[in-house]
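Student: Based on what follows, work out the 3D shape:
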Amino acid sequence: MTNSKALIKSIILSSFLFFVASNSSIAEDENYSPLDSPSFFEGLNTFTSIFSQIKQLYVDEIDDETLFNNAIKGLIEGLDPHSSFLEPKDQSDLSESTMGKFGGLGIVIGTQGNYIEVISPIDDTPAYRAGLQAGDIILQIGDQNVSQINLEEGVKLMRGAPGTKVKLTIGRPDIAPFVVEITREIITITSAKGVILDEGIGYLRIAQFQRPTSDLVKNIISDLVAQNESELDSLIIDLRNNPGGLLDSAIDVSNLFIDETGIVVYTEGRTPSSNISFPTKPGDIVNGAPIVILMNKGSASASEIVAGALQDHKRAIIMGEESFGKGSVQSMLSLEDGYGLKLTTARYYTPSGRSIQSKGITPDIELENISLDNDEDEDSIDFSSQEKDLKNALSAEDPTELSEEEILKVQDEIAEKRDQEYIELLKGDYFIHEAINVLKALKVYR
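Tutor: Next up is the predicted model:
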C-alpha cells in the first residue's frame, strides 16, 4: 500500500509541477500558484472529506491508487471530450493507433451526452462494411450500456483480437435502434488513392492524414497526369468521413495546392507556446486547375484544416455538408511511471480567422445526402467488394497450366475491371455527380 501511495503522490506532484512550470503565463501574475487561492484549499478539503468517507463506508474496500486514478480521470474528462488521463496500458494503445495498424472495428468515435458517437467509419474496415455512418450513436457494446462507461472504456470493449466479434446497438435518427455484429480485424489504413473520372477530371480520396500522405498524394497526382496524358483539367478531393490525423500532414497536403504567400492554419491557446502560425509554401501541383472538396459531418480535425485553408485562399469550392467541428489541439504530456496526460491546449483557426471548433467548415454549395439510385441508399456503396462480386469475374476453376505471361495478362484484366467498377460506383455517388457538374460548368466558363 505504501508503494501505491508513493506512486500516486508522485504522479500528482509531477503533474502539478509540470502544469505550473509550463503554464506560467496562464494568469496576469507570472508567479501564479493554486496554493495562493483560497478556493483551492476549500476544494481540497472537500476532496479529502469525500475520500475519507469512501474509504470508511463504501461497500467494498478500494485501494488508494484506484481512488486517486478515478479522481484524476474525472478531473480531466470533465474538461472536454478529448482530454484524458492515460494509464501505461492506455499509452501503449495510443502509440499502437498512431502507427496506423491496430486490432479493432475501424471507427473514429467521440462523446455525445452519455453515449458514444461515431465521428466517421474508416474506409474499407469492418465498421465501414457493416454500414455504420457518421452521427450514429452507440447505445450498447455487447451487454454493456454505454451511458455507464467513459470513452476510453468503450474503446477497450470494442478492441480485441482479430476474428472475434462484438455486437453494437446503434441509434440513428428516424429509425428504431438496431444491432450490428461486427468481426474485428487488423486495421491497416490506406490514407489516399485516386482515379481519372471523366474528361480530365481527377478524383483524389484522402481517408486519413498520416505521415506519408503528402508524398502519396504527389505520386497519385503524377500518376493521374500520366493516365490523362496531359495536365488535369480539374480535381475532386474527397474528404468525407475523414476523421483527421496528423497536423503536419494536413499542412503539407494543403501546401500542395496553394500558390500564394500566407498561412495554412494557426492555433491560439492560453500560453505563448500554444500560439503558432503555419505558413504556406507556394507551389501548386495541379497548376491552378479548379478544385472541389467534398465534405460531410464525418469530416473532422485535419480534414477541416485542409478544407478551411483552400477555401480561404480561394483555391477550392467546398461542397457537401457542414463538417464535424473538431477544431481543438491536444498535447501529449508524459508523466512519471508510464502515465500520460492528453490535454486540450489550443484551438485551430482558418487563415481568415474562423474558429473550426464546434462550428466546422460551412460548404460553399450545400448538398443533401441523397441517392441517384432510388433502389439503393448512397451509403450502401461498397468500395471493398471481393473479386467474385465483380462483373465477369473468373471462376475458381482457373487453368493450371498458364504461362507467366498469361498470368500477368489475367491479373491486368482483373485490375482493369476492378478500377472500372470503382469508377462506375463513384459516378453513381450524388456528391461526386454534382461536383463533376460544377467542374464541367467551370471549364465552359473559363
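
Student: wait, isn't F40 in contact with T46?
Tutor: No. Counting by C-beta atoms under 8 Å, F40 sits too far from T46 to count as a contact (11.0 Å). The C-beta positions use only the backbone N, C-alpha and C, and glycine is treated the same way.

Student: show me what contacts T164?
Tutor: Residues near T164 by C-beta atoms under 8 Å, 6 or more residues apart in numbering: T183, R184.

Student: Please apply the same query to E153.
Tutor: E153 neighbours (C-beta under 8 Å, 6+ apart): none.

Student: Can you name the residues that contact I305?
Tutor: Counting by C-beta under 8 Å, 6+ apart, I305 makes contact with L247, A250, I251, S254, V264, V265, Y348, T350, I356.

Student: buried set for whichever helix or strand G110 is part of?
Tutor: Taking DSSP states H and E as the criterion, G110 maps to strand 107-112. Within strand 107-112, the residues scored as buried using 16 or more other C-beta atoms under 10 Å are I107, V108, I109, G110, T111, Q112.

Student: out of these, which one sits closest to H82?
Tutor: Each of the buried residues of strand 107-112 was checked against H82 using C-beta to C-beta; the closest is G110, at 7.6 Å.

Student: isn't there a strand covering I170?
Tutor: Yes. Counting by DSSP: H, G, I helix; E, B strand; the rest coil, I170 is part of a strand.

Student: Next, count neighbours for it.
Tutor: 19 (other C-beta atoms under 10 Å).

Student: gap between the closest residue in space to it that isn't next to it in sequence and G327?
Tutor: Of all residues not flanking I170 in the chain, D136 sits nearest, at 5.2 Å (C-beta to C-beta, 6 or more residues apart in numbering). Distance of D136 to G327, computed by C-beta to C-beta, to the nearest Å: 22 Å.

Student: Would you mind giving the buried residues of strand 107-112 as a markdown table with distance to S52 and pLDDT added?
Tutor: What follows is the buried residues of strand 107-112, written out as a markdown table (distance: C-beta to C-beta, whole Å; pLDDT from 0 to 100):
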| residue | distance to S52 | pLDDT |
| --- | --- | --- |
| I107 | 42 | 89 |
| V108 | 41 | 83 |
| I109 | 36 | 86 |
| G110 | 35 | 82 |
| T111 | 31 | 79 |
| Q112 | 35 | 79 |
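
Student: what about P351, which SS state?
Tutor: With three-state DSSP as the basis, P351 sits in coil.

Student: For it, grab phi and psi.
Tutor: phi -50, psi -30 (degrees, to the nearest 10).

Student: So it sits against I258, correct?
Tutor: No. P351 lies out of contact with I258 (C-beta under 8 Å); the separation is 9.5 Å.

Student: tell me, what's touching those two both at once?
Tutor: Joint contacts of P351 and I258 (C-beta under 8 Å, 6+ apart) are V264, A309, H313.

Student: Most neighbours out of these, which is it?
Tutor: Among those, the one with the most neighbours (other C-beta under 10 Å) is A309, at 28 neighbours.

Student: quick one: which helix or strand includes it?
Tutor: Per DSSP H and E: helix 302-312 holds A309.

Student: Quick one: name whatever helix or strand follows that helix.
Tutor: Counting by DSSP H and E, the next helix or strand C-terminal to helix 302-312 is strand 317-320.

Student: How far off centre is that following strand?
Tutor: On the basis of C-alpha atoms, centre = their mean, to the nearest Å, strand 317-320 is displaced by 19 Å from the centre of the chain it belongs to.

Student: Which strands or helices does it pack on?
Tutor: Other elements packing on strand 317-320 under the criterion 3 or more C-beta pairs under 8 Å, 6 or more residues apart in numbering; DSSP states H and E are strand 291-295, helix 302-312, strand 365-366, helix 430-445.

Student: Redo the ones you listed as TSV? Include mean pLDDT and distance to V118.
Tutor: Listed next are the helices and strands packed on strand 317-320 as TSV, based on pLDDT from 0 to 100; distance: least, C-beta to C-beta, whole Å:
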stretch	mean pLDDT	distance to V118
strand 291-295	97	16
helix 302-312	97	16
strand 365-366	96	22
helix 430-445	91	19
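
Student: Give me the distance between the two termini of stretch 328-346.
Tutor: Chord length of stretch 328-346, first to last residue, is 6 Å (C-alpha to C-alpha, to the nearest Å).

Student: Now do that stretch, average pLDDT.
Tutor: For stretch 328-346, the mean per-residue pLDDT is 87.

Student: Just the buried positions in it, please.
Tutor: For stretch 328-346, a neighbour-count test (16+ other C-beta under 10 Å) marks 328-330, 333, 335, 339-346 as buried.

Student: So which of those are in strands?
Tutor: Mapping the buried residues of stretch 328-346 onto strands (DSSP state E) picks out S328, V329, Q330, L333, G340, L341, K342, L343, T344, T345, A346.

Student: M295: which of those is nearest?
Tutor: For these, the nearest to M295 is S328 (18.4 Å; C-beta to C-beta).

Student: Would you enumerate the residues in contact with the closest residue to that closest one other than its chain neighbours?
Tutor: Among residues not flanking S328 along the chain, T344 sits closest, at 4.9 Å (C-beta to C-beta, 6+ apart). By C-beta under 8 Å, 6+ apart, T344 lies in contact with L79, D80, H82, S83, S328, V329, Q330, S331.

Student: Would you mind measuring from T344 to H82?
Tutor: Taken as C-beta to C-beta, the span from T344 to H82 is 6 Å.

Student: do the same with S323
Tutor: 16 Å.

Student: neighbour-wise, which of these two wins?
Tutor: Legend: neighbour count by other C-beta under 10 Å for S323 and H82, higher for S323 (29 against 17).

Student: in the stretch 1-150 of the chain, what spans have low per-residue confidence?
Tutor: For the stretch 1-150 of the chain, the stretches flagged by pLDDT under 70 are 1-32, 89-102.

Student: Using TSV, please lay out the contacts of T344 together with distance to S274.
Tutor: Formatted as TSV, those follow (distance: C-beta to C-beta, whole Å):
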residue	distance to S274
L79	15
D80	15
H82	15
S83	14
S328	11
V329	7
Q330	11
S331	8
